[in-house]
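> give me a model of this one.
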Amino acid sequence: FMKVNNIKLARRHTGGGAVYQDLGNTCWSLFGPKFEPKKTSQIIIDALKSLNINANLTGRNDIVVDNKKVSGAAFRRLSNCSIHHGTMLIDVNMHNLSKSLSVDKSKLKSKGVDSVKSRVINLKAISPSITHEKFCEAAINSFQKNLFDNYGEKCQINHLDFAKMMEKSEVAIKFKQFGSNHWLFGNSTQDNIDFSKRFDFGLFDVLIRNQDGAKIGTVHSDCLVNDVVEGLNDYIYDFFDSNGNDGFA
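Below is the predicted model:
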């Protein structure tokens, strides 16, 4: 479906499940020295409330209006900062969204819905006058207010476009890397064992595959905190290595 409709596939470093994006979706990103998802989520919620949209945080990472999801988020913790980023459904093509996302049935069951489409809503359906520009302005004002209330100052605003970002060599290198088939798909093979289990904090899918006669284990998950997934991947790698690749014979 995605190939036929010219929908490109990308893969990110941060945790969480798959996301559909088009020009009806606005992406937001917040960076800080501490991992404080409730506080950073409140910045987005306050932005919506300033637009007379009554939003709330629910579950692991969902911002909802009238129990319908308008924004989902993902996280990554690094040694010197934390990343919290997400979507805002303003006027997304819901047909393409539902056709592009194949969600594990256990996840839908945990949300009490039977499809992705029945779980989400565009802000346009709630507030017809909403636009990308209005949301961005509200988000910036909310961030600046939060900054001033906590630190007594506001930050400088810079505007970047694609050309300016590509002027930085490290960004250009990452852009090329993240567009490669190796980054998107890795070393796929039919000779594998695949099993999964859902926990309250996410679905974990463990894949054991044969490569050049050796067993290699990898973990995929929609867990929001990606260092948990990376830690489990490291553990499984060390397990296979210390057991002569015979851990799951």
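
> for the longest strand belonging to the chain, packing partners?
Under DSSP state E, the strand in the chain containing the largest number of residues is strand 202-211. With contacts defined as 3 or more CB pairs under 8 Å, 6 or more residues apart in numbering; DSSP states H and E, the secondary structure elements packing on strand 202-211 are strand 192-199, strand 214-221, helix 226-242. No exception for glycine: its C-beta is placed from N, CA and C like everyone else's.

> pull up the pairing partners for that strand, direction included.
Within its sheet, strand 202-211 is paired with strand 192-199 (antiparallel), strand 214-221 (antiparallel), according to DSSP bridges.

> now do Ile130 against Phe148, distance only.
25 Å (CB to CB, to the nearest Å).

> hmm, I was thinking of Phe178
Using CB to CB, which is the criterion applied here, Phe178 is 35 Å from Phe148.

> and if you look at Ala138?
Distance of Ala138 to Phe148, computed by CB to CB: 16 Å.

> likewise Ser29?
If you go by CB to CB, the gap between Ser29 and Phe148 works out to 20 Å.

> residue closest to the middle of this protein?
Centroid-nearest residue in the chain: Ala74, 3.8 Å away (criterion: CA atoms, centre = their mean).

> what sits against the nearest residue to Val120 once chain neighbours are set aside?
Once flanking residues are discounted, Val120 sits nearest to Lys69: 4.6 Å by CB to CB, 6 or more residues apart in numbering. For Lys69, the contacting residues are Asp62, Ile63, Leu89, Arg119, Val120, Ile121, by CB atoms under 8 Å, 6 or more residues apart in numbering.

> how about the longest helix seen in the chain: buried residues?
The helix of greatest length in the chain, counted in residues with DSSP state H as the criterion, is given as helix 132-151. By neighbour count on 16 or more other CB atoms under 10 Å, the buried set for helix 132-151 is Lys134, Phe135, Ala138, Ala139, Ser142, Phe143, Asn146.

> pLDDT check: weakest of the contacts of Lys69?
Going through these one by one, the lowest pLDDT turns up at Arg119, 81.
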